[in-house]
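>>> one predicted model, sequence on top.
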Amino acid sequence: MGFGDRLKAMFRGKSDVFARYELLREAISGTMSKFYQARDRESGKIVGLKVLDAEKTAQLEARFPGLNKPREGEIAMQLQHPRIVKTLEHGLTVKGEQYLIMEFLEGPGLNSLIIGQSADLDGHRLPLLRQAAEALEYVHDAGFIHRDICPRNFVVDPSTESLKLIDFGLTVPATPDFQKPGNRTGTPSYMAPEVVRRHATDRRLDVFSFGVTAYELCAFCLPWDVGTDGQAAITRSSVPPTPIIQARPDIDPQLASTIMSCLETKPDRRPATMQDVLRQISKVRTAFIQ
């Protein structure tokens, strides 16, 4: 029995992850969790350690009374795909906090590259968009709705040639009980109108969020100039998006059409599936016309 196994047994199913892993640095502090680069004290392997805030996690799960919402770790462990961060283990700390052990991804968040209007994205936007769509299609095919698609939740490798989808803290099963009206969760600037208005939802809310992400990746701006907080999300839920061709006149017309179709206010006017989005993107040869 290894060191980690002995600790697990000692704490009756709970793990002293801070004894098992040496914390090298705090990589990300989110609103609901903390994420660390850590080293396994036994193997020396570098991993990502995510520890969820117990109180905030309980508040989120309370939005689904009687539904036995799967834990983030339970969902993440099911998602095995080249474009999705690999989760290695999940459980409870000795304090009762949920934790996940995952591969540590080197490279910036897509949001950082967009905010910095990085030239490293030049020539890479279309492949990155395809990969992001592939990741989201896989999540949907696995029976889930991500509910927080945004540039922050894609990590790009240092070469800017590939990315992976992360963070399944708001992810729910794509079943009727989890799609009922009333649940307004996500990142305000990327929320679909039906989420903002607390209407019933389905996978197409992720299609909308993907559209906002794609727009921002190509144009370095959001489709609306009304702010980024929750109140702004309510305002823009009834405001048509600015056509991306106005923000980026050299964008390929097919790509522009695909992005704008994802941003339709009414879900039934959007592509029905991410497979449809991928099919449209596959027709595009270059993001911008020279």
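Structure received.
>>> average pLDDT across stretch 167-184?
On average, the pLDDT along stretch 167-184 is 94.
>>> what residues sit buried inside it?
For stretch 167-184, the neighbour count (16 or more other Cβ atoms under 10 Å) marks 167, 168, 169, 170, 171, 172, 173, 174, 178, 179, 183, 184 as buried. Just so you know, the C-beta spots here come from the backbone N, C-alpha and C atoms, and that holds for glycine as well.
>>> how about stretch 50-59?
In terms of neighbour count (16+ other Cβ under 10 Å), stretch 50-59 has its buried residues at 50, 51, 52, 53, 57.
>>> as JSON lines, the buried residues of stretch 167-184 with secondary structure and distance to residue 114 would be great.
Shown next, in JSON lines, are the buried residues of stretch 167-184 (DSSP: H, G, I helix; E, B strand; the rest coil; distance: Cβ to Cβ, whole Å):
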{"residue": "167", "secondary structure": "coil", "distance to residue 114": "17"}
{"residue": "168", "secondary structure": "coil", "distance to residue 114": "22"}
{"residue": "169", "secondary structure": "coil", "distance to residue 114": "21"}
{"residue": "170", "secondary structure": "coil", "distance to residue 114": "21"}
{"residue": "171", "secondary structure": "coil", "distance to residue 114": "23"}
{"residue": "172", "secondary structure": "strand", "distance to residue 114": "27"}
{"residue": "173", "secondary structure": "strand", "distance to residue 114": "30"}
{"residue": "174", "secondary structure": "coil", "distance to residue 114": "28"}
{"residue": "178", "secondary structure": "helix", "distance to residue 114": "30"}
{"residue": "179", "secondary structure": "coil", "distance to residue 114": "30"}
{"residue": "183", "secondary structure": "coil", "distance to residue 114": "27"}
{"residue": "184", "secondary structure": "coil", "distance to residue 114": "24"}
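>>> ok, so of the residues you listed, who is nearest residue 251?
Using Cβ to Cβ, residue 167 is the member of the buried residues of stretch 167-184 that lies nearest residue 251, at 28.1 Å.
>>> check which element follows the lowest-mean-pLDDT helix or strand in the chain along the chain.
Sorting the helices and strands of the chain by mean pLDDT, DSSP states H and E puts helix 3-10 at the bottom, at a mean of 43. Note on helix 3-10: by DSSP states H and E, the next helix or strand toward the C-terminus is strand 14-15.
>>> centre of the chain to that following strand, how far?
Distance of strand 14-15 from the chain centroid (Cα atoms, centre = their mean, to the nearest Å) equals 27 Å.
>>> now do that strand, average pLDDT.
Taken as a whole, strand 14-15 has an average pLDDT of 84.
>>> in its sheet, what does it sit against?
Partner strands and pairing direction for strand 14-15 (DSSP bridges) are strand 87-93 (parallel).
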